[in-house]
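Chemist: what follows is a predicted structure for the sequence shown.
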Amino acid sequence: MIKELMNNPWAWGVLSVITILSFLYAVYCQQKNKEKKEISYAQKSTVLVQNKKSKYQKLSLCYDGDSVDNICVSRFAIWNSGNKVLQTTDMAKSKEIKITLAKEKKILEASIIAATDETNKFSVNVQDENTIIIPFDYIESKDGVVVQIIHTGLNNDLAISCKIKGGKSLYKYDNSLKLLSIFTPNSKSKLSSALTFIAMTIVYTFTSLLSILQILVEKKIVTESHLASFFNQRLENSTNSLSHDSGWFTIILLILTIIFMIIADYEIIKNQFYVGIPSKLKDEFLDN
């Protein structure tokens with residue numbers, strides 16, 4: 001019985017798939033249960049006036065009686081994306097949550113417009129016309145705030161920073177999308193880049209499945225008649241057929257690549273459509 005199983009290619013195939021899935025599940029469990037201290041943020045800005053030109057023709061703005069060239073409304077969703085409660089003492093001294101504006105620009109107003117839990121005691125302290133400090137008492141996992149800043153300049157004039165003792169670096173919610181510039185270097189649209197990568201995944205998955213079928217045919221696990229009845233056509237022999245010895249290795253490699261590309265697609269979709277931002281913050285964050 002054991003000898004028959006050892007000589008059965010289906011048994012080896014099933015064993016290989018189970019081994020891969022078990023390994024991935026073990027890695028997932030390890031990462032999920034690992035203590036993680038992390039703060040994430042997402043930024044969204046709306047330019048009201050740029051170079052003294054407003055999209056509203058009758059709108060003119062001034063601050064303290066002086067006209068301004070640029071007016072921008074920026075919102076930051078900031079939340080505990082780890083699995084451990086963060087205390088004030090977890091923040092490094094002088095490295096608490098801070099938002100800074102470029103020199104020669106000015107913060108006109110800053111306020112908290114949404115919070116998941118008032119007991120976190122978030123507040124906004126405007127240190128000067130270029131610096132905001134956001135202190136808190138504690139932050140449980142998935143708790144956070146939305147901070148709105150009205151300022152001169154544009155959205156890229158703002159920067160946020162903080163340092164958690166023994167924790168991860170501050171995570172910007174659309175960081176993974178920067179990797180897409182490899183595939184669409186001339187594209188200015190993040191959505192276009194995301195769709196391009198997802199399309200590449202679909203094409204790669206389709207061609208990989210065809211390669212896997214070809215290997216199974218060569219190993220006589222699947223016959224051409226089976227494929228013909230499924231696809232209503234016969235599978236043509238490939239001019240670049242894969243060797244018998246490397247067949248199973250190739251199948252495993254193709255499956256692993258497909259899995260990792262699907263994971264990458266999930267990260268892209270999550271960042272592009274703000275999946276993961278606490279629901280109590282998301283609506284207010286996007287409403288500007």
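Modeler: Thanks, I have it.

Chemist: buried stuff in the biggest strand by length in the chain?
Modeler: Longest strand of the chain, by residue count under DSSP state E: strand 39-50. Using 16 or more other C-beta atoms under 10 Å as the test for burial, strand 39-50 gives 39-45, 49. For the C-beta atoms, the positions are set from N, CA and C on the backbone; glycine is no exception.

Chemist: and of the residues you listed, the nearest to residue 72?
Modeler: Of all these, residue 72 sits closest to residue 45, with 5.5 Å by C-beta to C-beta.

Chemist: nearest spatial neighbour of the closest one, chain-adjacent residues omitted?
Modeler: Among residues not flanking residue 45 along the chain, residue 155 sits closest, at 3.3 Å (C-beta to C-beta, 6 or more residues apart in numbering).

Chemist: what's near enough to touch that neighbour?
Modeler: Going by C-beta atoms under 8 Å, 6 or more residues apart in numbering, residue 155 touches 43, 45, 47, 72, 74.

Chemist: pLDDT value on the nearest residue to residue 49 once chain neighbours are set aside, please?
Modeler: Distances taken as C-beta to C-beta, 6+ apart put residue 71 closest to residue 49, at 4.2 Å, once the chain neighbours are dropped. Residue 71 carries a pLDDT value of 86.

Chemist: what does residue 174 give?
Modeler: At residue 174, pLDDT is 66.

Chemist: equivalent analysis for residue 123, please.
Modeler: 96.

Chemist: neighbours around it, how many?
Modeler: By other C-beta atoms under 10 Å, 13 other residues sit near residue 123.

Chemist: check residue 83 too.
Modeler: Neighbours of residue 83 (other C-beta under 10 Å): 14.

Chemist: likewise for the one 10 residues further on?
Modeler: Other residues within reach of residue 93 by the criterion other C-beta under 10 Å amount to 8.

Chemist: relative to residue 128, how far out is it?
Modeler: 19 Å (C-beta to C-beta, to the nearest Å).

Chemist: show the average pLDDT along stretch 135-149.
Modeler: 96.

Chemist: so who does residue 135 touch?
Modeler: Residues near residue 135 by C-beta under 8 Å, 6+ apart: 88, 96-97, 122-123, 125.

Chemist: does it count as helix, strand or coil?
Modeler: Following DSSP: H, G, I helix; E, B strand; the rest coil, residue 135 is assigned to coil.

Chemist: the longest strand of the chain: partners in the sheet, and parallel or antiparallel?
Modeler: Paired strands of strand 39-50, with direction, are strand 53-54 (antiparallel), strand 71-80 (antiparallel), strand 171-172 (parallel) (DSSP bridges).

Chemist: mind listing the helices for the stretch 151-288 of the chain?
Modeler: For the stretch 151-288 of the chain, the helices defined by DSSP state H, counting those that start in this stretch cover 190-218, 224-231, 247-272, 279-286.

Chemist: residue 145: which of those helices is closest?
Modeler: Judged by C-beta to C-beta, the one of the helices of the stretch 151-288 of the chain that comes nearest to residue 145 is helix 279-286, at 7.2 Å.

Chemist: so which elements touch the closest one?
Modeler: Packed against helix 279-286, as judged by 3 or more C-beta pairs under 8 Å, 6 or more residues apart in numbering; DSSP states H and E, are the following elements: strand 39-50, strand 71-80, strand 107-115, strand 144-151.

Chemist: in JSON lines: the ones you listed, plus distance to residue 22.
Modeler: Listed next are the helices and strands packed on helix 279-286 as JSON lines, based on distance: least, C-beta to C-beta, whole Å:
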{"stretch": "strand 39-50", "distance to residue 22": "30"}
{"stretch": "strand 71-80", "distance to residue 22": "31"}
{"stretch": "strand 107-115", "distance to residue 22": "42"}
{"stretch": "strand 144-151", "distance to residue 22": "35"}
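
Chemist: which one, of those strands, ends up nearest to residue 263?
Modeler: Short answer: strand 39-50, nearest of the helices and strands packed on helix 279-286 by C-beta to C-beta, at 18.4 Å.
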